[in-house]
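Student: My questions are about this predicted structure, shown below with the sequence.
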Amino acid sequence: MTITPLNCIASCRTGTLRNTTVAEITAALGFVPNILDDPFKVENSWGARVDGEIIAIWDYKGSHTFGQFSTYGPDDILEKLFGNHYFSED
């Protein structure tokens, strides 16, 4: 997989990561949170292009404290990156 940091904020949530941490997401992507998101709602936010597709991951109102993150992007890519931690909203 080719993963490149990208300065993008997703417009909607299409999935969820559960039972994971900032450190695990950082390890899977290969870089620390890189998006300056809404400081009143989001503490950790990543944007990336993975094999040509845009993905985004962010916590929402402290969700990282219980291991949950919102995601945007294709299910197959997020499943490859995060396995059974990824849940589609379909």
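Tutor: Perfect, thanks for sending it.
Student: ranges for the strands of the chain?
Tutor: All strands of the chain, identified by DSSP state E, fall at 3-5, 15-17, 45-50, 53-58, 69-72, 86-88.
Student: okay, those, which one's buried deepest?
Tutor: Per-stretch averages of neighbours, counted by mean count of other C-beta atoms under 10 Å, single out strand 69-72 among the strands of the chain, with a mean of 23. Bear in mind the C-beta positions are built from the backbone N, C-alpha and C, glycine included.
Student: Nearest the middle, which residue of the protein would you pick?
Tutor: I57 (1.9 Å; C-alpha atoms, centre = their mean).
Student: That residue and S45, how far apart?
Tutor: Counting by C-beta to C-beta, to the nearest Å, the gap between I57 and S45 amounts to 7 Å.
Student: Show the pLDDT at R18.
Tutor: Per-residue pLDDT puts R18 at 98.
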